[in-house]
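Peer 1: would you be able to build a 3D model of this:
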Amino acid sequence: MRWALVRVCLAIAAMVVVAFAVPLGLVIKEMARDRAFSNAEREAAAVAPALSITTDRDQLEKVVASAGADSGMAVHIPAGEGKAALDIGRQRAADKDIATVRKLGRASTTEVPGGSVLLQPVALSSGEISVVEVYVPESEVSNGVGTAWAVLAGVGLALIVGSVAVADRLGVRMVQPAQRLVEGAHELGEGKLGARVPEEGPTELRLAAVAFNSMADQVVQLLANERELAADLSHRLRTPLTVLRLNAASLGDGPAAEQTRTAVAQLEREVDTIIRTAREAKPQTVAAGPGAGCDAAEVVRERMRFWSALAEDEGRKVRVAGVERPVRIPVARADLVAALDALLGNVFRHTPEGTAFAVDVHNSEDAVIVLVSDAGSGIRDPEAAMARGRGSGSAGSTGLGLDIVRRLAESTGGDVRIGSSMLGGTEVRIWIQLDGREPERKGHRGAVRRRRRGRLVSTFNRSRSLP
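Peer 2: The predicted model follows:
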């Protein structure tokens, strides 16, 4: 497509150059010819007054010499009143051409070797017609034409090169977004659910990129819902399985009873495998590439409008900070909404009515911190809570909420921390990395990143104020 556009622009520019340069070149050539013959007419006119007064050879030779064209001018006076014909200067025109001009009484031009001649009739005092011949060499006729044509050729070439360069830039601007859209479609078709395309380029391609990213987010959300549904349905099977296992234990001894107990135990293992697989095989939902992701500030504002209504009913004080300006993060909107709802839902479920809570967003050069804190009694064992979030199967909650939050942060190279908040209760800090998705590693780079993260967290904590 890019080269096709370049070829079209090249053809159009070439046609424009040909349409304007060729006629202009011919006009310039004709103008040079007219200029040369106009000069010849002025030289011939300079001799005419002398011919009307005298036909003396010596005087006429002086006039011809004073005209400055003694080598290119000739005067032909016919015979009459007992005087012989008089020719002054070098004759280049044929006798018949001179006779024709004398007979017709009007000027004419004729081709001669090396150029052209102007034959100008002049009436003598005796009534006879003399002819003034002015030689115009070919070099004078074409004087300046070559330079003008060279300038036209240079301008035409510059126009063609410029049009090709502009067409190439336009082609790149149109083709690159289309190529990225094609690559994103191929990646999504290959199962890379994190494939996204930058929302840039011409309006049509930008709208196509927006539609593609929206479709990809919906596909990811549908797959996530499907896996969660599979895990939920499998989890519901545990209750009837428990009844079967108890009934099988009461069957006593015997081959049939043993086979029943074995089948029940195998069915329980299969159900556990389905649950673990559904929870662990979640699709990659991080938006890949520039231009994808969501505005964390806008998402926080939208979710807090939802939860603030319930907080008002329960008499909870709410504080939101850091959402005045857009905060772009490489996370799908649906994932951030799910993570915030999970954390805010925990605040409402595990703290008494009237407990205050806050959501803070801090944006730095390479990371974004989303902090959800409350004024409740806190979590006695943060490590155990995080272990449940990793699907350890510990007692208490299922850990699905923290699992969603953890996966969101780790997919960007960040992490999740649980600690004590400045409000006196629990603080969940989501670290979302902006400069890459590689997880933090040991060694010099990891130490540098940890020190930078510690400074950023300290600065963030000092900037916060109690409600």
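Peer 1: helices of the stretch 351-467 of the chain, start to end?
Peer 2: Secondary structure of the stretch 351-467 of the chain by DSSP state H, counting those that start in this stretch: the helices cover 382-389, 400-410, 444-463.
Peer 1: between those helices, which gets the lowest average pLDDT?
Peer 2: Out of the helices of the stretch 351-467 of the chain, helix 444-463 stands lowest, with a mean of 51 (criterion: mean pLDDT).
Peer 1: helices of this protein, residue ranges please.
Peer 2: Remark: helices assigned in the chain by DSSP state H are 2-53, 57-66, 95-104, 138-141, 145-189, 203-236, 238-249, 255-280, 296-313, 333-350, 382-389, 400-410, 444-463.
Peer 1: contacting residues for the nearest residue to Pro177 once chain neighbours are set aside?
Peer 2: Using Cβ to Cβ, 6 or more residues apart in numbering and skipping the chain neighbours, the partner closest in space to Pro177 is Gly201 (3.1 Å). For the C-beta atoms, the positions are set from N, CA and C on the backbone; glycine is no exception. By Cβ atoms under 8 Å, 6 or more residues apart in numbering, the contact set of Gly201 is Arg173, Met174, Gln176, Pro177, Ala178, Ala209.
Peer 1: at 10 Å what do you get?
Peer 2: Gly201 makes contact with Arg173, Met174, Val175, Gln176, Pro177, Ala178, Arg180, Leu181, Leu207, Ala208, Ala209, Gly291, according to Cβ atoms under 10 Å, 6 or more residues apart in numbering.
Peer 1: can I get those residues in TSV including pLDDT?
Peer 2: Listed next are the contacts of Gly201 as TSV, based on pLDDT from 0 to 100:
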residue	pLDDT
Arg173	71
Met174	73
Val175	75
Gln176	77
Pro177	80
Ala178	81
Arg180	84
Leu181	84
Leu207	88
Ala208	88
Ala209	86
Gly291	47
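Peer 1: now list the buried members of those residues.
Peer 2: Buried members of the contacts of Gly201, counted by 16 or more other Cβ atoms under 10 Å: Met174, Val175, Pro177, Ala178, Arg180, Leu181, Ala208, Ala209, Gly291.
Peer 1: the nearest residue to Val112 once chain neighbours are set aside: neighbouring residues, count only.
Peer 2: Using Cβ to Cβ, 6+ apart and skipping residues adjacent in sequence, the residue nearest Val112 is Arg92, 4.7 Å away. The tally of other residues near Arg92 (other Cβ atoms under 10 Å) stands at 18.
Peer 1: gap between Arg92 and Ala296?
Peer 2: 93 Å (Cβ to Cβ, to the nearest Å).
Peer 1: among the buried ones among the contacts of Gly201, which one lies nearest to Arg319?
Peer 2: The nearest member of the buried ones among the contacts of Gly201 to Arg319, counting by Cβ to Cβ, is Gly291 at 31.9 Å.
Peer 1: hmm, Gly425 and Gly378 touching each other?
Peer 2: Yes: with contact defined as Cβ atoms under 10 Å, Gly378 reaches Gly425; the gap is 5.0 Å.
Peer 1: the two - which one has more neighbours?
Peer 2: The neighbour comparison of Gly378 against Gly425 (other Cβ under 10 Å) goes to Gly425, with 20 against 17.
Peer 1: got the phi/psi numbers for that one?
Peer 2: Per-residue torsions, Gly425: phi -110, psi -130 (degrees, to the nearest 10).
Peer 1: not counting its neighbours along the chain, what's nearest it?
Peer 2: Closest to Gly425 by Cβ to Cβ, 6+ apart is Gly376, at 3.7 Å.
Peer 1: for that neighbour, give me the pLDDT.
Peer 2: On pLDDT, Gly376 comes in at 88.
Peer 1: tell me the contacts of it?
Peer 2: Per Cβ under 10 Å, 6+ apart, neighbours of Gly376: 346-347, 350-352, 355-357, 421, 423-426.
Peer 1: for those, which one is nearest Pro121?
Peer 2: For the contacts of Gly376, the nearest to Pro121 is Phe357 (113.1 Å; Cβ to Cβ).
Peer 1: and the gap between Cys294 and Ala409?
Peer 2: Look at Cys294 and Ala409: by Cβ to Cβ, they are 15 Å apart.
Peer 1: again with Arg305
Peer 2: Distance from Arg305 to Ala409, counting by Cβ to Cβ: 24 Å.
Peer 1: between those two, which has more neighbouring residues?
Peer 2: Taking other Cβ under 10 Å, Arg305 and Ala409 do not tie; Ala409 has more neighbours (20 against 10).
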